[in-house]
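*Asks:* dropping the sequence and predicted coords here.
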Amino acid sequence: METIRLTMAQALLKFLDKQYIELDGEERKFVKGIFGIFGHGNVTGMGEALETQSEGLTYIQGKNEQGMVHSATAYAKQKNRLEIFACTTSIGPGALNMVAAAGTATVNRIPVLLLPGDNFATRQPDPVLQQIEDPADYTMAASDAFKPVSKYWDRIQRPEQLMTAALNAMRVLTDPVDTGAVTLALPQDVQSEAYDYPVEFFKKRIHHIERRNPAPSAIERAVELISRKKKPVIIAGGGVHYALATEGLKAFAETFQIPVGETQAGKSALAWDHTLNMGSIGSTGSLASNILAKEADLVIGVGTRLTDFSTSSKTAFQNPDVEFLGINVSSFDALKLDAQSFVSDAKVGLEILTEELKKQGYQTSYEEGQLQTLKENWDAEVDKHFADQREEGLSQTQVLGEINKTIDEKDIIIAAAGSLPGDLHRLWRSSHPKTYHMEYGFSCMGYEVAGALGIKMAEENQEVYTIVGDGSYLMLHSELVTSLQENKKINILLFDNHGFQCIHNLQRGQGSDGFGNEFRYRSEADNRLTGDYMPIDFAANARSLGAKGYTVHTVEELRAALEQAKKETVSTLIDIKVLPGTCTTGYESWWRLGVAEVSPSEKVQKAYVEIEKRRATARKY
């Protein structure tokens, strides 16, 4: 057997460079490059390999370990999980900084390969700098923290172990059902150890994504179920995008006149002005979708995890005769809400059901004009929010309307946390698939700026706008520097409302007077954060890093800044001063919280009673 002598790190890079993926006859390179921050746990192993033998992999220098994983995750999501980046770090804090981002990728079912450095496998210099020591279990290391948030985890303690570990990593990363974060912990000594690897290990490998067809009996059961229902609704999830099934969804809905509600991940699957697109659904849903969900006798989930936001904490569906059909490539998700399981690729499944139901002559039985009226009323409600002018300053919904109207309909927006996801889910009008990028599986603050970089890397010819609150920006915006370094222009639309106002609103809605969520100075009177708001110049912060920065207080200034941002050739931040508490609220929806059962506050006591009333209407499983 012909062999080649390489260090483990060199062999890993050579292997990754030869991985390809194929879907519907289209083949593409799977691993595009590696994000990294070097430290003593990886600089002389992975660092040396990247410097001298990186093959066809591009190295991107991250500025924060969590941020660079978010960028890699956003890239893979925008590419419909068909291309990825890996991420390398040192041991200790460098590795642990990736854990939150690993959870973000795994919860959202997005592939990302994490390569944290690890303790010396030989144990001879122990304990080294940044090494975790557990007296009861000496095998424990910082990288063990990745186990709960990884879909596959391995530690390479000998260079030859790389071969089985790498193949298993690719198995999971390319699996539509099992994909998520994959962690290969790399002891710093083993990274640099050499081994005579078989040349065959480095051959070109093509990982085929085979669209799963539903079982014939499942087709019969699904057709029978749909055929006896008069008022079905569709919940379109992220799987519609990943399966490239947007046209199939459109055809299915149009053929049988079934209204569609979109989850955060599914939004933009249908154009906002399509007659059957009733908008968002669930806790952050539109009035149109939530009324239909409440009355529906059948809920057809397509590629959705059916989270508590999509189901209004399981209170959205109140028809006593309602049943559920889960169209999903994952049997775990297809079964949720005790649904009739239809395990299938979304594109294939919708096409088959369309043909079979056409044979039955099936049509829904909505009252004439009902869907049109619901949609027209909701469109008018969105217009009202977009026109929300306040004498005292800019409302959040007015700003979103101006942005939606000003940027190109093929530009991409991204958001993740705070009150903005709720407003964007309800109000944003997407005309094309993949122009709405929301991380709302984990709702990880700090994803927004880093994610914008990943999207821009994936879609270099489109403008990318991250819509982020001041709280999330302060948590993590370091990849703004990377965007400048790589000449990948992103636009940061920063909503400055003086703090964590989403949670502040949520807190007050459950009986609190408000505590600990606004960016205020400490007051000497009560020793709490109840003083004046802190004035922060975010535009100056951006300019200090080399980006362009603008501050706006009026709608005229906002329009001018948005137009100027289009002309800029480097990353740009617009600091938008918005009024706190000017976001949207629920429409026929609810979100369950753990409100205090016992409290000296009468308002909290009242909120608990209301929670219990609503909880009684929720499905139990």
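*Replies:* Yes, it's here.
*Asks:* isn't Val382 up against Arg429?
*Replies:* Yes - if you go by CB atoms under 8 Å, Val382 and Arg429 touch, sitting 7.4 Å apart. For every residue, glycine as well, the C-beta is placed using N, CA and C.
*Asks:* quick check on Ile153: phi, psi?
*Replies:* I think there's a mix-up here, since residue 153 is Trp and not Ile. With angles defined as degrees, to the nearest 10, Trp153 sits at phi -140, psi 140.
*Asks:* surely it and Ala169 touch.
*Replies:* No - Trp153 lies out of contact with Ala169 (CB under 8 Å); the separation is 9.8 Å.
*Asks:* those two: which is more packed in?
*Replies:* Taking neighbours as other CB atoms under 10 Å, Trp153 and Ala169 compare with Ala169 leading, 27 against 22.
*Asks:* please, which helix or strand holds the more buried one?
*Replies:* For Ala169, the element it lies in under DSSP states H and E is helix 162-173.
*Asks:* next, the buried residues of that helix.
*Replies:* Across helix 162-173, burial judged by 16 or more other CB atoms under 10 Å covers 162-163, 165-166, 169-170, 172-173.
*Asks:* ok, now stretch 552-566?
*Replies:* 552, 557-558, 561-562, 565.
*Asks:* and for stretch 262-273?
*Replies:* Using 16+ other CB under 10 Å as the test for burial, stretch 262-273 gives 262-272.
*Asks:* ok, back up a step: relative to Leu420, which of the buried residues of helix 162-173 is nearest.
*Replies:* For the buried residues of helix 162-173, the residue nearest Leu420 by CB to CB is Leu173; the value is 30.3 Å.
*Asks:* tell me where the stretch 1-150 of the chain has strands.
*Replies:* Assigned by DSSP state E, counting those that start in this stretch, the strands in the stretch 1-150 of the chain fall at 3-7, 19-23, 26-29, 31-36, 58-61, 84-89, 112-118.
*Asks:* tell me the strands beside the last one, with direction?
*Replies:* Strands that pair with strand 112-118, judged by DSSP bridges, come out as strand 84-89 (parallel), strand 181-187 (parallel).
*Asks:* and what of the third one?
*Replies:* For strand 26-29, the pairing partners within the sheet under DSSP bridges are strand 19-23 (antiparallel).
*Asks:* between the helix holding Ala169 and strand 112-118, how many degrees?
*Replies:* Angle, helix 162-173 to strand 112-118, by axes from the mean of the first three to the mean of the last three CA atoms, to 10 degrees: 140 degrees.
*Asks:* helices or strands next to helix 162-173 in the packing?
*Replies:* Here helix 162-173 touches helix 8-16, strand 152-155, strand 181-187, going by 3 or more CB pairs under 8 Å, 6 or more residues apart in numbering; DSSP states H and E.
*Asks:* so Tyr550 sits against Ala539, correct?
*Replies:* Yes - counting by CB under 8 Å, Ala539 is a contact partner of Tyr550 at 5.7 Å.
*Asks:* of those two, who's got more company?
*Replies:* Ala539 (23 against 20).
*Asks:* which residue sits closest to the more buried one in space, ignoring its chain neighbours?
*Replies:* Gly549 (3.3 Å; CB to CB, 6 or more residues apart in numbering).
*Asks:* quick one: list the elements packing against the strand or helix carrying that neighbour.
*Replies:* Assigned by DSSP H and E, Gly549 belongs to strand 548-552. For strand 548-552, the packing partners by 3+ CB pairs under 8 Å, 6+ apart come out as helix 538-545, helix 555-567, strand 572-577.
*Asks:* could you give the mean pLDDT of it?
*Replies:* The pLDDT scores in strand 548-552 average 98.
*Asks:* what's that strand in contact with?
*Replies:* If you take CB atoms under 8 Å, 6 or more residues apart in numbering as the criterion, strand 548-552 is touched by 394, 537-543, 557-558, 560-561, 564-565, 568, 570-577.
*Asks:* and if you look at stretch 330-339?
*Replies:* Residues contacting stretch 330-339 (CB under 8 Å, 6+ apart): 176-177, 299, 301, 304-306, 311, 314, 317, 323-328, 341-343, 619, 621.
*Asks:* who's in contact with Gly511?
*Replies:* Counting by CB under 8 Å, 6+ apart, Gly511 touches 595, 599, 601, 603-608.
*Asks:* need the strands for the stretch 301-450 of the chain, in chain order.
*Replies:* With DSSP E, counting those that start in this stretch as the criterion, the stretch 301-450 of the chain has strands at 323-328, 340-343, 412-415, 436-438.
*Asks:* pull up the pairing partners for the shortest one, direction included.
*Replies:* As defined by DSSP bridges, the strand partners of strand 436-438 come to strand 412-415 (parallel).
*Asks:* off-centre distance for the partner strand?
*Replies:* Here the centre of strand 412-415 is set off from its chain's centre by 11 Å, with CA atoms, centre = their mean, to the nearest Å.
*Asks:* quick one: mean pLDDT for that strand?
*Replies:* Here the average pLDDT along strand 412-415 is 98.
*Asks:* wait, is Asn461 part of a strand?
*Replies:* No - the assignment for Asn461, made by DSSP: H, G, I helix; E, B strand; the rest coil, is coil rather than a strand.
*Asks:* and it, how far is that from Ile490?
*Replies:* Distance of Asn461 to Ile490, computed by CB to CB, to the nearest Å: 14 Å.
*Asks:* where is the longest helix in the protein?
*Replies:* Across the chain, the longest stretch assigned as helix under DSSP state H is helix 370-386.
*Asks:* counting by contacts, list what that helix packs against.
*Replies:* Contacts defined by 3+ CB pairs under 8 Å, 6+ apart place helix 370-386 against strand 277-280, helix 287-295, helix 396-406, helix 420-427.
*Asks:* go ahead and name everything in contact with the first one.
*Replies:* Where contact means CB under 8 Å, 6+ apart, the residues beyond strand 277-280 that reach it are 233, 259-264, 267, 270-272, 285-286, 288-289, 292, 371, 374-375, 378, 425-426.
*Asks:* mind running it again at 7 Å?
*Replies:* For strand 277-280, contacts defined as CB atoms under 7 Å, 6 or more residues apart in numbering pick out 259-262, 267, 270-271, 285-286, 288-289, 292, 374-375, 378, 425-426.
*Asks:* mind putting the strands paired with strand 112-118 in JSON lines, mean neighbour count and distance to His208 included?
*Replies:* Shown next, in JSON lines, are the strands paired with strand 112-118 (neighbours: other CB atoms under 10 Å; distance: least, CB to CB, whole Å):
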{"stretch": "strand 84-89", "mean neighbour count": "28", "distance to His208": "16"}
{"stretch": "strand 181-187", "mean neighbour count": "28", "distance to His208": "18"}
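*Asks:* figure out which of those is closest to Val99.
*Replies:* Of all the strands paired with strand 112-118, strand 181-187 sits nearest to Val99, with 9.3 Å by CB to CB.
*Asks:* average pLDDT across that closest one?
*Replies:* On average, strand 181-187 scores 98.
*Asks:* picking that back up, which of the buried residues of stretch 552-566 sits closest to Ile412?
*Replies:* Of the buried residues of stretch 552-566, the one sitting nearest to Ile412 (CB to CB) turns out to be Ala565, at 14.2 Å.
*Asks:* what's around Thr406, how many residues?
*Replies:* Using other CB under 10 Å, Thr406 has 15 other residues around it.
*Asks:* cool, Asp126 as well?
*Replies:* As a burial measure, Asp126 scores 11 neighbours (other CB under 10 Å).
*Asks:* same check on Val329?
*Replies:* Neighbours of Val329 under the rule other CB under 10 Å: 21.
*Asks:* follow-up on the earlier one: now mean neighbour count and distance to Lys250 too, for the strands of the stretch 301-450 of the chain, in TSV please.
*Replies:* Formatted as TSV, the strands of the stretch 301-450 of the chain follow (neighbours: other CB under 10 Å; distance: least, CB to CB, whole Å):
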stretch	mean neighbour count	distance to Lys250
strand 323-328	26	15
strand 340-343	22	19
strand 412-415	27	20
strand 436-438	27	16
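*Asks:* what's the closest of those to His40?
*Replies:* Relative to His40, the nearest member of the strands of the stretch 301-450 of the chain by CB to CB is strand 412-415, separated by 34.1 Å.
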